[in-house]
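In: Here's my sequence, what's the structure:
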Amino acid sequence: MGHTLSGSGGPNPLCQGPQAKGTTAVQAFINETWVERHGSEIPTELLMFLWSSIVSIFGIGGFFGASVGGTLAMKFGRKGTLLFNNSFALLAALLMGMSYYADTFELLILGRFLSGVNAGVAICVEPLYLGEIAPRALRGAMAMGTSIFISGGILTGQVMGLSELLGKKDYWPLLLSTTCIPALLQLLILPWFPESPRYLLIDRSDDHACNMALKQLHGGENYHGEREDMERERASATGVKPLKPWELFADKNLRWPILTIIIMSSAQQLNGINAIYFYAEYVFAEAGIPFEKIPYATVGTGACECLTALTCGLLIESLGRRVLIIGGYSLMALWCICFTITLTFQNYSSEMPYLSMACVFAFILSFGLGPGGVTTILITELFTQTSRPAAYMIGGSVKWLSFFFIGMVFPFIVNGLHQFCFLVFCVVCCVVATVIFFVVPETKNKTFLEIQNEFHRRKRTAAKDSDLLMPTSL
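Out: The predicted structure follows:
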């Protein structure tokens, strides 16, 4: 799963992982196909347009998948949707792998779109499923599985893209087809797991299936506490139908939670992590790393993010969500300032390139420690059963739109501001950390109803404080 999702939490999916090594080879394939069809080389502008289409169509597919993921989860269940979603990954792998042998680059574009749909649905439904089946005390650690496998997928792609493995020019069709591996594994393993008990009880009113799922997850004697929490949530949702995304904005009790999710989901892409990866190769080269060794240093960045995701999974139930995500954004703001300074004075001291390289790894560590994983968990925890799928659809759609936006705008930001672009990302990180500090409650080891009540209490307190600060008329 993480291999398929590797584009959802990191930089451009064709500039990292398995696809990175195939960039020049794929462009050569497009040109060769064009020559066979038309007898002349493809115009440079058209080649760049087709290449840009191959890159960006993944984000468009991801947006589409996130837009329908919640609806599919309500109709087919969480487990059923994940199983069905593998068909997109398998078909995408087949189309991308066959594009070379069929001399049809259009199959590559279609395969990339379907791969994006697969990632969009998965990033919406997988954390939803994990958050609902997890025991309350382990909910954060289990929900971190999504972030861990995304970063693990990025690292796997970077390793597979090395020249010693599948990074050779002639191997790019096989390289792109490896997205079928996690899909096949999930088709073999997931059927042995139960459907979400909360979905079965609250959405389907199937008490027997819910009890069977709880016994499988918690054991025959230890599931009663979880069942009681679900019963209380079902009672509060009596007579309430699952909400559509646009209905969340109409409910005044959900406006602040949904606004918080929109801010956090967009910030996950706009916080500068893409810029860090963009500058990484330049920083490594300036630090004296030989050109042929830079891919191995890039693998180090993927390993760094994977390690921090694992660390976050171990710490989240002891430190809580607020400490990790606020601390992560605060540290990222600090490293943005430091990175701007080291890049500005890169040529003034021989030590500066090494300090820049340290900033790269420090930023990635800070991202993985909080914003990279905790954001998805909070979407699960800030909403109840009737509004959670719609919230994931909104959060996922915003994330993919932000992903597409930063891909389009970032080159202009870099060309205009150069290293000072990190000051813009510093402001983003500071704003998000401030919003979370004042708005989002701690959700560790609380039921979904307790979290909802705490959110409303904080909102009422903030409203009273603002009323006290307003001047009174005489």
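In: Give me the phi and psi angles of residue 103.
Out: phi 50, psi 50 (degrees, to the nearest 10).
In: got it, and residue 441?
Out: phi -80, psi 160.
In: cool, and residue 164?
Out: Torsion angles, degrees, to the nearest 10, at residue 164: phi -70, psi -20.
In: tell me, how many neighbours does it end up with?
Out: Neighbour count for residue 164, taken as other C-beta atoms under 10 Å: 8. All C-beta atoms are positioned from the backbone trio N, CA, C, and that covers glycine.
In: Repeat that for the one 10 residues further on.
Out: Neighbours of residue 174 under the rule other C-beta under 10 Å: 15.
In: OK, contacts around it?
Out: 97, 166 (C-beta atoms under 8 Å, 6 or more residues apart in numbering).
In: mind exporting the helix or strand harbouring it as CSV, just the C-alpha atoms?
Out: Here residue 174 sits within helix 172-177, counting by DSSP states H and E. Only the C-alpha atoms of helix 172-177 are listed here, as CSV (Å, rounded to 0.1, in the frame of the first residue of the first chain):
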residue,chain,number,x,y,z
TRP,A,172,11.6,1.5,-16.7
PRO,A,173,8.5,-0.4,-17.9
LEU,A,174,9.2,-3.1,-15.3
LEU,A,175,9.9,-0.4,-12.7
LEU,A,176,6.6,1.3,-13.3
SER,A,177,4.8,-2.1,-13.1
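In: So for that helix, what gets flagged as buried?
Out: Of the residues in helix 172-177, 172, 173, 175, 176, 177 count as buried by neighbour count, 16 or more other C-beta atoms under 10 Å.
In: Out of these, which comes closest to residue 267?
Out: Distances from residue 267 to the buried residues of helix 172-177, taken as C-beta to C-beta, are shortest for residue 176 (30.4 Å).
In: Would you agree the closest one is in contact with residue 94?
Out: No. Using C-beta atoms under 8 Å, residue 176 makes no contact with residue 94, being 10.4 Å away.
In: Mutual contacts of the two, please.
Out: Shared contacts of residue 176 and residue 94, counting by C-beta under 8 Å, 6+ apart, come down to residue 111.
In: buried sites along the top helix by length along the chain?
Out: In the chain, taking DSSP state H as the definition, the longest helix is helix 44-76. Using 16+ other C-beta under 10 Å as the test for burial, helix 44-76 gives 47, 50-51, 53-74, 76.
In: how about whichever helix or strand comes after the helix holding residue 174: buried residues?
Out: The first helix or strand that comes after helix 172-177 along the chain, using DSSP H and E, is helix 180-189. Going by neighbour count (16+ other C-beta under 10 Å), the buried part of helix 180-189 is 180, 182, 183, 186.
In: out of these, who's nearest residue 325?
Out: residue 182 (27.1 Å).
In: which residues in the stretch 201-350 of the chain form strands?
Out: Counting by DSSP state E, counting those that start in this stretch, the stretch 201-350 of the chain has no strands at all.
In: how about the helices of it, start to end?
Out: In the stretch 201-350 of the chain, the helices defined using DSSP state H, counting those that start in this stretch lie at 207-218, 224-236, 245-250, 255-270, 273-286, 294-319, 321-344.
In: which of the residues in the host helix or strand of residue 125 are buried?
Out: Element membership for residue 125 (DSSP H and E) is helix 105-133. When burial is assessed from 16+ other C-beta under 10 Å, helix 105-133 yields the following buried residues: 105, 107-133.
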